[in-house]
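Asker: Pasting the sequence and the predicted model now:
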Amino acid sequence: MDVDNLPEPEPIARRKDEAEEPPQMSEAASVGNVFIEPGNVFADMRRKPRFLLAGLIVILSVAAFQIAFIEKIGFKEVVKARIESSKRTQELPSDQKAQIIDQQGSDLFKYVTYGATPVVVAIIFLLGGLVYFLGANAMGGSAKFFGGVSVWVYSSLPPAIIFLLGNILVLFLKNVDDIDLAHSQGGLLKANLGLFIDPNTSPVLSAFLSTFDIFAIWGWILAAIGLQKVAKISSGAAWAVVLIPAVIGVAFKVVGALFF
């Protein structure tokens, strides 16, 4: 055997898995950099998954818009719009609808709603992270559960912040009488083709088109980048993991519009 022609052994530092290396960014730096260099942020998250600060920012942003919306419109008015637009309650006698509105529009329900929102968003983070974790590993990746959660949270952060800031701005500039309460509780800022469809006459088409907005697509792009970096899978596999739950979400939204 020609010893001189043997390949040199790979340095230990090069052989070491990236997941074992110390992170190169602080969590605060990751929050800022995900807007401008998401690839580097997600590559660093393979070394150390993190999501607490970004998740807290998203939760506070969602809660801030919800509180601003309800306090400006009035909780009872929001409940009334939801009850009167629902197919399940439209045929009820007016006195029964008024009773339901009085019950569900109380201050108790309002504060329960405020308190439940952060819990619901946190649960969505964990479930979304679980979907990404399972999907990425099913595609041959090497993601950890908290890596999946990190991708879900950080891919949600930039679109959520811009979307919610835009909504709060529109909320304070728009007259209350000009707000369609039945169809605006998910957001006042429209960046999708559903803007051109009347949800009252074509609820299914409106629900379908409204799903594919700029902010959702931005989040999907970030998630695909994140899964490639964190789970070490191909671009096609990453997009499959991202789009499968997105398509399921569209289906539920369309079915909900059809029946409710």
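Answerer: Received it, and whenever you're ready, just let me know what you need. Numbering: from 1, shown residues only.
Asker: all contacts plus neighbour counts: C-alpha atoms, from now on.
Answerer: Will do.
Asker: Tell me how many other residues crowd D178.
Answerer: Neighbour count of D178, defined by other C-alpha atoms under 10 Å: 7.
Asker: Then I73?
Answerer: Residues lying near I73 (other C-alpha under 10 Å) number 17.
Asker: and it, what is it in contact with?
Answerer: Contact analysis of I73 by C-alpha atoms under 8 Å, 6 or more residues apart in numbering lists V176.
Asker: any idea how far A43 is from K72?
Answerer: K72 is 42 Å from A43, where distance means C-alpha to C-alpha, to the nearest Å.
Asker: Which of these two has more residues huddled nearby?
Answerer: Between K72 and A43, counted using other C-alpha under 10 Å, the more crowded position is A43 (23 against 12).
Asker: what's the closest non-adjacent residue to the more buried one?
Answerer: Excluding the flanking residues, the one nearest A43 by C-alpha to C-alpha, 6 or more residues apart in numbering is K229, at 5.0 Å.
Asker: Of all the residues in stretch 213-226, which ones are buried?
Answerer: 214-216, 219-220, 222-226 (16 or more other C-alpha atoms under 10 Å).
Asker: ok, now stretch 230-237?
Answerer: The neighbour-count check on stretch 230-237 (16+ other C-alpha under 10 Å) flags 230-234, 237 as buried.
Asker: Isn't K97 up against S85?
Answerer: No: with contact defined as C-alpha atoms under 8 Å, K97 does not count as touching S85 (11.4 Å).
Asker: Low-confidence regions, the stretch 51-200 of the chain specifically.
Answerer: Judged by pLDDT under 70, the stretch 51-200 of the chain has its weakly predicted residues at 86-87, 89-91, 181-186, 195-196, 198-200.
Asker: Can you show me the helices along it?
Answerer: Listed in chain order, the helices of the stretch 51-200 of the chain (DSSP state H, counting those that start in this stretch) span residues 52-73, 75-85, 94-104, 107-138, 145-173, 181-184.
Asker: what about the nearest residue to L222 once chain neighbours are set aside, how many neighbours?
Answerer: Excluding the flanking residues, the one nearest L222 by C-alpha to C-alpha, 6+ apart is S155, at 4.9 Å. Neighbour count of S155, defined by other C-alpha under 10 Å: 27.
Asker: for I197, same thing?
Answerer: Neighbours around I197, by other C-alpha under 10 Å: 16.
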